[in-house]
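Trainee: Fold the following, please.
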Amino acid sequence: MVDPSRARIAYFSMEIALENSIPTYAGGLGVLAGDMLRSAADGGVPMVGLTLAYRKGYFEQTLSEDGQQIESPSAWDPAYLTERMEATAHVMIEGRTVKVAAWRYEVAGLGTESVPVFLLDTALAENEPQDREWTDRLYGGDRRYRLCQEMILGMGGVRMLRALGYDNLESYHMNEGHSAFLTVALMEEQLRACGKSTQGFDGDMSELREKCVFTTHTPVPAGHDVFDRGLLTQVMGQERASGLAAAGLMLSGQLNMTELALYSSRYVNGVAMRHGEVSRIMFPRFSIRAITNGVHAATWTSQPFQDLYDRLVPEWRTDNNYLRYAKGMPLEEIQQAHAAAKHTLFETIARETGVALDESALTLGFARRAAVYKRADLLLSDPEKLQALTKSAGPLQIIYAGKAHPADEEGKAVIRRVFSNGAQLRNGVRLIYIANYDMRWGGLLTSGVDLWVNTPLRPYEASGTSGMKAALNGVPSLSVLDGWWVEGHAEGVTGWSIGDDAPRDGTQSEASLLYDKLENVIMPQFYTKPLVYAEVMRGAIAFNGSFFNTQRMLRQYVRNAYRFHELEPGEPEEVGFVRKAS
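Mentor: Below is the predicted model of the structure:
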């Protein structure tokens, strides 16, 4: 465990996927945060994580026969899996003092190091009944509920760190704008140190910015929380709301949390090179760089491939670059490892859903949050065409998974369309939708299908990480050129693109391109030239698995955002990483 006095980086995230049995994550943002912290533990990076406890989780998803999503709480008790800390903190909400507790979870590294994550909790007897609910549900409630949660995460998180003895932190990393109120807490600390008012936002911005790092994750407007001044005044108090307005952060009477984080940070990045470009267009007043996302290789590599890598490139766990050597792995061994992963997936599906799939049939995977821009139904937009191509090219199976936010009626409609269009398919195409997509199903699907499909509406895919998980398991991608795939795509080497990088004339054009690529390139290879297909599988591992991982990603954050560098021979060995000289 990192000693509080040695910790240098605090990582704040509204959601963190710690393990499958802890429902403190909704999707890719949380999984990315968990993978970041796992790599930090592997490398001995002096980091601490902050999130909320979410005693009722995100939600449990069940699906009716026609695709209606039904939600129920995903309740858990932190006492069974985490350790309650003695320290507490306080946050003023709507004029009431709300007490905040913390539960510690240790993210274990590959060696002896670990990274603590503190889950903030207001479900305390000392609090008013309404205040006990602020840490109940991830992405639940109305705007007031969200604002109160973000106050607890940002301001309560900084105060909890102080109560726990984390006094030597140098970088406060905001993973998306939800935690941007940490800048208010830091500014108030700064003001108190100068003997000024304890509330406000009118101190030395250069001193504040020196402490803050911000990662923006989405071009979609819904990912950038906005709060009206009236609500801010009600929840935060007049003095704080006025201070934010005086700093020019209340344009049109609203506070944009992304703008607050941008304004307060010394280093800002998007999560793929293309996303960096899009973010600079969205926020032209700010300097925005890019660090492309990755995944934690040891977590998302299936057991058959772990065994293969352990035997042929045993250094791969501590240095993911060694996966480049997969270029020389025997194709037959890659095929065998994939067949074993596919069998595990199908066996699990049969046991838990009663559906028996054909292990010899080309199986496509599409699993991600059910949001409109991700276009889960693009693959099924012409059921007759999809069915016809199987008659010329071979049988086809499609496995779907993904949740729609409870308030996202359009996302729920996408799921229903998948069910409706899928019902029109007959012989040659089998379709199944896995309910309650989580970390466990994510690992099974990204390793067990034969082809990973991704069809976002450009340019709204900031990065995406499921295809990276698939690559670690020798599963190529068929994807629109957006997000990470702009960097990971090499046609016929790591997978295939749906169209090129030029503007398209709409969904119908891309659907036709998708069907054409399946019928004339991918399915003939899979069924008549399996070793050629296996070469693409090998290329996905060697070129994408070796690069799109959080080990590489964290190294870039350490050097560029946190401004550390790895120890050189002869330097004092304190924490594995040392501050770069200014």
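
Trainee: how about the strands in the stretch 351-500 of the chain?
Mentor: Assigned by DSSP state E, counting those that start in this stretch, the strands in the stretch 351-500 of the chain fall at 362-367, 396-401, 429-434, 451-454, 477-479, 495-497.

Trainee: what is the orientation angle of the third one with strand 396-401?
Mentor: It stands for strand 429-434. Taking axes from the mean of the first three to the mean of the last three C-alpha atoms, to 10 degrees, one finds that strand 429-434 is oriented at 10 degrees with respect to strand 396-401.

Trainee: contacts for strand 429-434?
Mentor: Residues outside strand 429-434 that contact it (C-beta atoms under 8 Å, 6 or more residues apart in numbering): 63, 67, 349, 353, 355, 357-358, 361, 367, 380, 386-387, 390, 395-401, 415, 418-419, 422, 425, 441, 445. All C-beta spots, glycine's among them, are computed from the backbone N, C-alpha and C.

Trainee: 7 Å - rerun?
Mentor: Around strand 429-434, the neighbours that count as contacts under C-beta atoms under 7 Å, 6 or more residues apart in numbering are 63, 349, 353, 355, 357, 386-387, 390, 396-401, 418-419, 422, 425, 441.

Trainee: Name only those of these that count as buried.
Mentor: When those are checked for burial by 16 or more other C-beta atoms under 10 Å, the buried set is 63, 349, 357, 386-387, 390, 396-401, 418-419, 422, 425, 441.

Trainee: Can you give me the buried ones in the strand ranked longest in the chain?
Mentor: Ordering each strand of the chain by length in residues (DSSP state E) puts strand 96-108 first. Within strand 96-108, the residues that qualify as buried are 98-105, 107, counting by 16+ other C-beta under 10 Å.

Trainee: Equivalent analysis for stretch 74-93, please.
Mentor: Going by neighbour count (16+ other C-beta under 10 Å), the buried part of stretch 74-93 is 74, 76, 78, 82, 85, 88-89, 91, 93.

Trainee: could I get these as JSON lines with pLDDT and secondary structure?
Mentor: As requested, these are exported to JSON lines (pLDDT from 0 to 100; DSSP: H, G, I helix; E, B strand; the rest coil):
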{"residue": "74", "pLDDT": "96", "secondary structure": "coil"}
{"residue": "76", "pLDDT": "96", "secondary structure": "coil"}
{"residue": "78", "pLDDT": "97", "secondary structure": "helix"}
{"residue": "82", "pLDDT": "97", "secondary structure": "coil"}
{"residue": "85", "pLDDT": "97", "secondary structure": "coil"}
{"residue": "88", "pLDDT": "98", "secondary structure": "coil"}
{"residue": "89", "pLDDT": "98", "secondary structure": "strand"}
{"residue": "91", "pLDDT": "97", "secondary structure": "strand"}
{"residue": "93", "pLDDT": "97", "secondary structure": "strand"}
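
Trainee: Distance to residue 515 added to those, as a markdown table?
Mentor: Formatted as a markdown table, the entries for the buried residues of stretch 74-93 read as follows, by distance: C-beta to C-beta, whole Å:
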| residue | distance to residue 515 |
| --- | --- |
| 74 | 37 |
| 76 | 43 |
| 78 | 48 |
| 82 | 48 |
| 85 | 55 |
| 88 | 58 |
| 89 | 56 |
| 91 | 54 |
| 93 | 53 |
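
Trainee: Identify, from these, the entry nearest to residue 498.
Mentor: Taking C-beta to C-beta as the measure, residue 498 sits nearest to residue 74 out of the buried residues of stretch 74-93, at 34.0 Å.

Trainee: residues contacting that closest one?
Mentor: Residue 74 is in contact with 23, 56-60, counting by C-beta under 7 Å, 6+ apart.

Trainee: where's the residue of the chain most remote from its centre, which helix or strand?
Mentor: Note on the chain: the largest C-alpha distance from the chain mean falls to residue 195, namely 40.5 Å (C-alpha atoms, centre = their mean). Take DSSP states H and E as the rule and residue 195 turns out to sit in neither a helix nor a strand.

Trainee: wait, residue 302 sits on residue 473?
Mentor: Yes: with contact defined as C-beta atoms under 7 Å, residue 302 reaches residue 473; the gap is 5.3 Å.

Trainee: overlap in contacts of those two?
Mentor: Overlap of the contact sets of residue 302 and residue 473 (by C-beta under 7 Å, 6+ apart) consists of 341, 447.

Trainee: The spatially closest residue to residue 148 that is not a sequence neighbour: neighbour count?
Mentor: Spatially, and ignoring its direct neighbours in sequence, residue 148 is nearest to residue 134 (4.9 Å; C-beta to C-beta, 6 or more residues apart in numbering). Neighbours of residue 134 under the rule other C-beta atoms under 10 Å: 28.

Trainee: next one: phi and psi at residue 341?
Mentor: Backbone dihedrals for residue 341, given as degrees, to the nearest 10, come out at phi -70, psi -40.

Trainee: Tell me, how many residues neighbour it?
Mentor: Neighbours of residue 341 under the rule other C-beta under 10 Å: 24.

Trainee: So residue 5: helix, strand or coil?
Mentor: Three states are possible here, and by DSSP: H, G, I helix; E, B strand; the rest coil the one that applies to residue 5 is coil.

Trainee: Distance of it relative to residue 169?
Mentor: When C-beta to C-beta, to the nearest Å is the yardstick, residue 5 and residue 169 sit 10 Å from each other.

Trainee: Look at these two and report which has more neighbours.
Mentor: Set side by side, residue 5 and residue 169 show unequal neighbour counts under other C-beta under 10 Å, the larger going to residue 169 at 19 against 10.

Trainee: now that one, nearest residue through space, not along the chain?
Mentor: Closest residue to residue 169 in three dimensions, ignoring its sequence neighbours and counting by C-beta to C-beta, 6+ apart: residue 10, at 5.1 Å.

Trainee: correct me, but that neighbour touches residue 159?
Mentor: No: under the criterion of C-beta under 7 Å, residue 10 makes no contact with residue 159, lying 12.0 Å away.

Trainee: quick one: residue 78 and residue 18, what's the gap?
Mentor: Between residue 78 and residue 18 the distance, using C-beta to C-beta, works out to 11 Å.

Trainee: OK, contacts around residue 235?
Mentor: By C-beta under 7 Å, 6+ apart, the contact set of residue 235 is 93-94, 144, 147-148, 151.

Trainee: what do you get if the cut-off is 10 Å, keeping everything else the same?
Mentor: Taking C-beta atoms under 10 Å, 6 or more residues apart in numbering as the definition of contact, the neighbours of residue 235 are 92-95, 143-144, 147-148, 150-151, 227, 241.

Trainee: Also residue 448?
Mentor: When contacts are counted by C-beta under 10 Å, 6+ apart, residue 448 touches 302, 338-349, 357, 359, 363, 365, 399, 470, 473, 475.

Trainee: now do residue 553
Mentor: Under the criterion of C-beta under 10 Å, 6+ apart, the neighbours of residue 553 are 32, 35-36, 39, 271, 291-296, 547.

Trainee: Just the residues contacting the helix or strand hosting residue 70, thanks.
Mentor: In this structure, residue 70 sits in strand 69-72 according to DSSP H and E. When contacts are taken as C-beta under 10 Å, 6+ apart, the neighbours of strand 69-72 outside the stretch itself are 56-64, 140, 370, 403-406, 408, 411-413, 415-416, 435.

Trainee: Quick one: buried ones out of those?
Mentor: Among the contacts of strand 69-72, the ones that count as buried by 16+ other C-beta under 10 Å are 56-61, 63, 140, 370, 403-406, 408, 411-413, 415-416, 435.

Trainee: Low-confidence stretches in the stretch 401-550 of the chain?
Mentor: The stretch 401-550 of the chain contains residues with pLDDT under 70 at 502-508.

Trainee: Tell me where it has helices.
Mentor: Taking DSSP state H, counting those that start in this stretch as the criterion, the stretch 401-550 of the chain contains helices spanning 409-423, 439-448, 466-472, 485-488, 507-517, 523-528, 530-539, 550-556.

Trainee: Tell me which of those sits most buried.
Mentor: Using mean count of other C-beta atoms under 10 Å, the stretch among the helices of the stretch 401-550 of the chain with the largest mean neighbour count is helix 466-472, at a mean of 29.
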